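Trainee: Fold the stuff below for me.
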Amino acid sequence: MRNFIAACLTCLATALPAQAQTLVEVDVELVLAVDVSRSMSPRELEIQRQGYAAALTSDAVLGAVGGGLLGRIAITYVEWAGSGTQRVVVPWTLLENAQDAERVAGQILTNSGGSMRRTSISGALGFGAQMIATNQYQGLRRVIDVSGDGPNNEGRAVDDMRDTVIAQGITINGLPMMTTDGLSSRWGIPDLDVYYEACVIGGPGAFFIPVTQWEDFGDAVRRKLVLEIAGTPARVIPAQMRQRPDYDCLIGEQIWRRNMQIFMEP
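Mentor: Numbering: from 1, shown residues only. Okay, the predicted model is just below:
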């Protein structure tokens, strides 16, 4: 009888998907989803890359990684724009030490591309959730960290996608970039922080950190990564403690249609 049970257990294990047998446990599965839409200038894209690279190799972030229960995280870096436009710059990578962080930073600085059309936060969230669902890691927490300089204007409604993603046990944090220039002001909104709170972020402990000057970008990224990796409650913008404000989450789509009508006028 004992041999029969052992044989059954062996058959069951063999029948399990390969992924289920090879999952690596980590403290956090972290998707860094970075906006590269055309409202971002080449200079701003470079500031983003430098900011993330510097933050990931900083003592503060490495200390947060080492201070976790397991002392390791899984990370991927994705650039996004339109609903079907996502570019994986750093595939899922185990990050445990300074050497791992330097390797990830090097990929960010050398593999990134140029800007792409449209802005689909919902597309980035859906892509990030799919990456989490199909990777080789099992995180104690699962987080999508999305940065952007404007509202969703293509693809599925962003609040609808947010609700779908957080229902999978994934937390969405935000880095709204509220800097101003000629192009982003035409397509953006002045209260992007409120938009992110109402329409983008969600899940246990969700928070956002707005960036109002590019000079502050690196510090904001480092601060945000430490909070996400350490899993400590954010005291920056504790959005999870407040009721979501009433907001028209389709404002980006409305701005797009308005601008298209203006451009098409004779």
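
Trainee: so where do the strands sit in the stretch 51-200 of the chain?
Mentor: 73-80, 86-95, 137-148, 171-176 (DSSP state E, counting those that start in this stretch).

Trainee: Can you tell me the element the nearest residue to residue 73 once chain neighbours are set aside falls in?
Mentor: Spatial nearest neighbour of residue 73, excluding adjacent residues (CB to CB, 6 or more residues apart in numbering): residue 28 at 4.5 Å. C-beta here means a position set from N, CA and C on the backbone, and glycine is covered the same way. Counting by DSSP states H and E, the element that carries residue 28 is strand 24-35.

Trainee: buried sites along that strand?
Mentor: Buried residues in strand 24-35, counting neighbours by 16 or more other CB atoms under 10 Å, are found at 26, 27, 28, 29, 30, 31, 32, 33, 34, 35.

Trainee: from these, which is closest to residue 126?
Mentor: residue 33 (10.4 Å; CB to CB).

Trainee: For the closest one, give its distance to residue 69.
Mentor: Using CB to CB, to the nearest Å, one gets 25 Å for the distance from residue 33 to residue 69.

Trainee: Next: residue 34.
Mentor: 27 Å.

Trainee: okay, the buried residues of strand 24-35 in TSV with distance to residue 97 and pLDDT next?
Mentor: Conversion of the buried residues of strand 24-35 to TSV gives the following (distance: CB to CB, whole Å; pLDDT from 0 to 100):
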residue	distance to residue 97	pLDDT
26	14	98
27	14	97
28	16	97
29	18	98
30	16	98
31	21	98
32	19	98
33	24	97
34	23	95
35	29	92
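
Trainee: mind putting those in CSV, distance to residue 147 included?
Mentor: Formatted as CSV, those follow (distance: CB to CB, whole Å):
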residue, distance to residue 147
26, 22
27, 22
28, 17
29, 18
30, 13
31, 11
32, 8
33, 7
34, 5
35, 6
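
Trainee: And for residue 113, the neighbour number?
Mentor: Look at residue 113: counted by other CB atoms under 10 Å, it has 10 neighbours.
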